[in-house]
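> How does the following fold in three dimensions:
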Amino acid sequence: MTRRIIGYAERRESTDELPSGSALVLREIFLHGEIAGVSPRTGQTITRELLTQRLVLSNSPKGPLRLGFPSDAAASYFPNLYPAGAE
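Model (predicted):
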């Protein structure tokens, strides 16, 4: 699962759909359940985009981040879970 999450984020980073460093943040959230206290400038840029795309979730603007499972990531996160074309 970790490889799938990282692979998905790295593919999106390579096409500039996600900021650089997103894969690392998603990996840490997946492994630790949530993270808090991300570094200011880079952390804010990455966090804002991950929240916008629902790849991470938070109960408050400065609250801990936890992994989100948006539908557009389902095929990468859970391959073969749905029949082809059911995305």
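> How much space separates the most centrally placed residue in the chain from A74?
By Cα atoms, centre = their mean, the chain has its centre lying nearest to L55, at 3.8 Å. Distance, L55 to A74, using Cβ to Cβ, to the nearest Å: 12 Å. From N, CA and C alone the C-beta is placed, and that goes for glycine too.
> got the CA positions of the least confident helix or strand in the chain by mean pLDDT in CSV?
One helix or strand of the chain scores below all others by mean pLDDT, DSSP states H and E: helix 40-52, with a mean of 82. Coordinates of each C-alpha in helix 40-52 appear next as CSV, following Å, rounded to 0.1, in the frame of the first residue of the first chain:
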residue,chain,number,x,y,z
PRO,A,40,6.2,26.5,7.4
ARG,A,41,6.6,27.6,3.8
THR,A,42,7.0,24.3,1.9
GLY,A,43,4.7,22.5,4.3
GLN,A,44,2.0,25.1,3.7
THR,A,45,2.2,24.8,-0.1
ILE,A,46,2.1,21.0,0.0
THR,A,47,-0.5,20.8,2.7
ARG,A,48,-2.8,23.3,0.9
GLU,A,49,-2.7,21.3,-2.3
LEU,A,50,-3.1,17.9,-0.6
LEU,A,51,-6.1,19.3,1.3
THR,A,52,-7.6,20.8,-1.9
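> Show me what it is packed up against.
Helix 40-52 makes packing contacts with helix 22-32, strand 56-57 when contacts are defined by 3 or more Cβ pairs under 8 Å, 6 or more residues apart in numbering; DSSP states H and E.
> mind putting these in a markdown table, distance to T47 and mean pLDDT included?
Shown next, in a markdown table, are those (distance: least, Cβ to Cβ, whole Å; pLDDT from 0 to 100):
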| stretch | distance to T47 | mean pLDDT |
| --- | --- | --- |
| helix 22-32 | 7 | 92 |
| strand 56-57 | 7 | 93 |
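> Just name the most buried of these.
Across the helices and strands packed on helix 40-52, averaging neighbours per residue (mean count of other Cβ atoms under 10 Å) puts strand 56-57 on top, at a mean of 20.
> what packs against that one?
If you count contacts as 3+ Cβ pairs under 8 Å, 6+ apart, strand 56-57 packs onto helix 22-32, helix 40-52, strand 66-67.
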